[in-house]
Every structure is written in C-alpha cells, then in structure tokens.
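K.L.:
Return atomic coordinates for the entry below.
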Amino acid sequence: MRNTVSRSVVLLLMGCLFSSLAVAQRGSLGIHAGYMNPKDTKSTFMVGGMWGTAIDEAVDIGIGFDFIHKSYTERTKVADASGPADINYGTYYDELSYSRTILPIMLEIDMKIPTSRYLGYLIRGGLGYSFLWSKEENYKEKTTETRNFGGFGWLASAGVYYHIGSRSTFTTDLFYLSNTVSRDVKETKQGLPVSERVDLSGLGARIGVLLDLR
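P.N.:
The predicted structure follows:
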C-alpha cells in the first residue's frame, strides 16, 4: 500500500512539472549545494535543484529536489605495528557498514522581495514526499538488510538573492524540513500494524544559482 502511494505521489508531481512546462513562457533552472542536520540521521552535505516556470517577475513555481547520501563504517583496531622508515600503522577490521540515501521531492513556490536593483530577500515554501533508502551490512553476522521508507513533508526557507548577470542569480538560504518517513514491518497478534519511523526533520543551509531560460 505504501509503495503504491509513493509511486502515485511521484507521478502526480511529475505531471505537475510537465504541465507547468507545457504552458510556460518563461522557464527557470536552479542548482544548489548545502548542508543538513536531520534529527535521526547523521549530518551531511547535499546537492539539488529546481525546474519550474516564472509566474511573474517575483514568483516562480516548480519541482525541487535534494539528494543526500551518507555512508560510514564501524571499525575496531586489533593491532599496532611499526614498518620501515619509522612508519607506524594499525590493523583494523570492519564490523558494520551503513549507507543512507535521502531524496525529498517538493512542489515549490519561490518569492523574491527586491530591496535594490540587484539585491533582495528570497522566501521559499514546498510540499512533497521524501524517500529514504537504507542498507546495513553486518560483516560479523554475515547479514545484509535493506529498508525503504517514505513520507509526506513540507519545507520552508528564507534567504537573499543577488543578480550576477542578465539571466543568472546567486541565492543563499536557511531552510527547515519537516518530514517523518516510515515503513510497515509486521502486525501484532491482535492484527495491529507495526511500523518503523525515521524523523528527517532538521535545519540546513544552501547556496546556489538560479538561471533564467527565456
């Protein structure tokens, strides 16, 4: 059921994107990079973008996404040794490895509030769906587990923009993502559903460039 809902949401968002592009007289493409601190996962860097259409000189609407990937390994040191030329080295074995990929997809609206010819404030808001793919490998137990999560959320941000060219704009903003993803795992003896949840909510910061594709 959850996978069906996830696919339906993605198809709906993609339909909104293609519909907006079909009627758009002005298009915009944004790319950005940043850093995010989710509540239930480790902080990490992120990259993303936005593709949409300009409603007027101040408002853009479109589809935005962020790609967040983090992998790490738990190691235990088992020995120390000395090599040639006074080089010291240690011997380690890997116990566990983790891999996390987070993909929020949002229907976004951007509003620019100019304070001068080139500079102004930037306000963003978005509603959408986030995916979390998690892979855990236990080398000691020789087991591998993959978990897929999904859930609705919203995003809000505020920042500034600066026109660096006739069709290019530098942007920087602080944002907050409110999003909890989950997956159904089993049922109790009484038939009650049991789920696992991961809170991806947290603060972050981004810098990027917005290109006017007229």
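
K.L.:
can we go C-alpha only for contacts and neighbour counts from here?
P.N.:
Noted.

K.L.:
which SSE is the spatially most central residue of the chain in?
P.N.:
Closest to where the C-alpha atoms of the chain average out (CA atoms, centre = their mean) is Asp66, at 3.5 Å. Secondary structure from DSSP states H and E places Asp66 in strand 59-82.

K.L.:
Show the average pLDDT along the helix or strand that that strand is followed by.
P.N.:
On the C-terminal side of strand 59-82, the nearest following helix or strand under DSSP H and E is strand 88-114. Mean pLDDT, strand 88-114: 85.

K.L.:
Likewise for stretch 176-193?
P.N.:
Mean predicted confidence for stretch 176-193 is 78.

K.L.:
about what we covered before: helix, strand or coil for the residue nearest to the residue nearest to the centre of the chain when sequence neighbours are not counted?
P.N.:
Nearest non-adjacent residue to Asp66, counting by CA to CA, 6 or more residues apart in numbering: Gly48, 4.1 Å away. The three-state assignment at Gly48 reads strand, by DSSP: H, G, I helix; E, B strand; the rest coil.

K.L.:
Note down every partner strand of the host helix or strand of Val194 and its orientation.
P.N.:
For Val194, the host element (DSSP H and E) is strand 193-199. When pairing is defined by DSSP bridges, strand 193-199 lines up against strand 168-187 (antiparallel).

K.L.:
just for this protein, where's the confidence low?
P.N.:
1-26, 77-86, 89, 187-192, 214 (pLDDT under 70).

K.L.:
before we move on, back to that, the residue nearest to the centre of the chain contacts Met36, doesn't it?
P.N.:
No: assessed by CA atoms under 8 Å, Asp66 is found out of contact with Met36, at 10.4 Å.

K.L.:
any residues in contact with both of the two?
P.N.:
Common neighbours of Asp66 and Met36, counting by CA atoms under 8 Å, 6 or more residues apart in numbering, are Met46.

K.L.:
burial measure for the residue nearest to Thr180 when sequence neighbours are not counted, as a count.
P.N.:
Take Thr180 and drop its neighbours on the chain: the residue closest to it by CA to CA, 6+ apart is Asp199, 4.4 Å away. Applying other CA atoms under 10 Å, we find 15 residues neighbouring Asp199.

K.L.:
Run through the residues that contact Asn179.
P.N.:
By CA under 8 Å, 6+ apart, the neighbours of Asn179 are Ser130, Gly151, Phe152, Gly153, Trp154, Asp199, Leu200, Ser201.
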